[in-house]
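Undergrad: The following block contains a protein sequence and its predicted model.
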Amino acid sequence: MAKKFQPVSPATERETRREKLVSLREAGRDPFMETKFDFDTVAADINNKFEELEGRTVSVAGRLMSKRGMGKVSFCDLQDDSGVVQLYVRRDLVGEEPYSYFKKYDRGDIVGVTGEVFKTEKGQISVRAEKVTLLAKSLNPLPEKFHGLTDRETRYRERYVDLIVNPDVKQTFIKRSLILRELRSFLDGRGFLEVDTPILTPFEIGASARPFYTHHNTLDMDMVLRIETELYLKRLIVGGMDRVYEVGRIFRNEGMDPKHNPEFTTIELYQAYTDFQGMMDLVEDMMKTVAQKVCGTLVVPYQGHEIDLGHWERLTMVEAVKKYSGVDFNDWQTDEDAIACAKDHEVELPEVPTKGAILAEFFDKYVEEKLIQPTFIYDYPVEISPLAKRKPTDPAFTERFEYFINATEFGNAFSELNDPVDQRGRFERQVAERKALEPNTRAQVDYDFINALEYGMPPTGGLGFGIDRLVMLLTDSASIRDVLLFPTMKPLD
């Protein structure tokens, strides 16, 4: 009776590969001593420009993704940064001794190949190898060919393997880079200047987001990893830089879920002499432009929905709550009326239960999940908008909007508050409320920012939005971890 095939365990294969490395070194063929390989062609060019390259000798370099041995001839797939091309390696062309070594190369090894571009009898575009150089030995086996690396936790932890064996993953990150490039191009074309502001700040501002702390040894002081770039960018508006933006890494010591990672990338931008309506127009133009440039269409698929970025609805928060819950904010005469209504509708009361804050809770419960197509929600209560300018016609609300797609907030914008007296009062109230809830908080008022405002800041529109969520949308990715090369993970031990 024939023996049943038993697959080699990964541990056994790792040991075999290390033994091969020892043999190579003993034979004076240590692959890790190779310092460079001059290639002049990539796989995609060989496949796409075959008529131009047929019969020419080229040099390519990449990773062996498969080997199909046929005695004196071997066929291999070589994968480089651009794609995959077949190698045709024959003993009488490369030489008996080199071929004997080549037969021992493993899937995952990195090689440099020089040879002629041709088509096999079956019509497969290939490189007929004349010389094969082992440039790096893969000591760990790649995942099995047909099942690949499918466990999501492992894919996130070992992104380097994920990129090797799952080509579509690489395309996501290529598209991420393209999205960033088109965003910068759009803003640069509108006269914005890209700037950098500090990541390490001297203290925690009074905002609700929780920071990460570190310590500066030379100054012997605690410092904070920034939770926003806003206050430094607005200092630049004060200084006469009328249009600025920053692509910045932000750090928040908070929960993790498919939409949140402790570190993430945002763009914040500020434009003097405009307001939140100007920012609304800019967002719509920017989203249409980037989607068209990156995806070639304004209708993009996302998690079962067709998102039409060519059409945007605009609603006040009061209008949205009335539309989706039937509750009219204008019927509340006092905070007590709002509290009673919230209890009747089983809406959770905020820590400080004012009319405006309760309106926001109604929005969270009844409205946000309904906003699948692109929607601007504007006129936010002043209680939840400490940096936005009050509406001249109704000081209980601010000139602020957020925009939502697929029931997710994508960005936040204001007519920026430039009254230093009002700003000081709001900051101090915010910090006082925080300390009442968390007596040990280290939150402080940024009085230097108040000092900057006292020099005069022109009317300004400001916008902040997350790059990661935009990439999720334009790549149809369900989780933020799918669009971060190295998401935060809990250690295995």
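TA: Sure thing, it's come through.
Undergrad: what's the weakest-modelled helix or strand in the chain?
TA: Least confident helix or strand of the chain, by mean pLDDT, DSSP states H and E, is strand 204-205 with a mean of 85.
Undergrad: Which strands border it, and is each parallel or antiparallel?
TA: strand 443-444 (parallel) (DSSP bridges).
Undergrad: burial measure for the residue nearest to Val224 when sequence neighbours are not counted, as a count.
TA: In space, and not counting its chain neighbours, Val224 is closest to Pro211: 4.5 Å by Cβ to Cβ, 6 or more residues apart in numbering. Placement of C-beta: from N, CA and C, glycine included. Neighbour count for Pro211, taken as other Cβ atoms under 10 Å: 21.
Undergrad: same deal with Pro143?
TA: Pro143: 20 neighbours (other Cβ under 10 Å).
Undergrad: For Thr154, see how far away it is.
TA: Distance from Pro143 to Thr154, counting by Cβ to Cβ, to the nearest Å: 9 Å.
Undergrad: Tell me which helix or strand comes right after the least confident helix or strand of the chain.
TA: The helix or strand immediately downstream of strand 204-205 is strand 212-216, counting by DSSP states H and E.
Undergrad: Now the element after that following strand, going C-ward?
TA: Per DSSP H and E, strand 212-216 leads on to strand 221-225 as the next helix or strand towards the C-terminus.
Undergrad: Just the buried residues of that next one, please?
TA: For strand 221-225, a neighbour-count test (16 or more other Cβ atoms under 10 Å) marks Met223, Val224, Leu225 as buried.
Undergrad: from the middle of its chain, how far away would it be?
TA: 25 Å (Cα atoms, centre = their mean, to the nearest Å).
Undergrad: Let the chain start at 54 from now.
TA: Taking 54 as the first residue, the last one we looked at is strand 274-278.
Undergrad: in its sheet, what does it sit against?
TA: Paired neighbours of strand 274-278 in the sheet (DSSP bridges): strand 253-254 (antiparallel), strand 265-269 (antiparallel).
Undergrad: Gly115: what's it in contact with?
TA: The contact partners of Gly115, taken as Cβ atoms under 8 Å, 6 or more residues apart in numbering, are Ala96, Leu131, Gln132, Asp133, Asp134, Ile163, Val164.
Undergrad: what do you get for Glu337?
TA: Trp365.
Undergrad: Apply 10 Å and report the result again.
TA: Residues in contact with Glu337 (Cβ atoms under 10 Å, 6 or more residues apart in numbering) are Leu362, Gly363, His364, Trp365, Arg367, Pro427, Phe429, Tyr456.
Undergrad: what sits up against the least confident helix or strand of the chain?
TA: By Cβ under 10 Å, 6+ apart, strand 257-258 touches 263-264, 266, 275-277, 279-281, 283-284, 480, 483-484, 487, 494-499, 502.
Undergrad: What segments of the stretch 204-353 of the chain are helices?
TA: 205-210, 212-218, 220-242, 283-291, 329-348 (DSSP state H, counting those that start in this stretch).
Undergrad: Lovely, talk soon.
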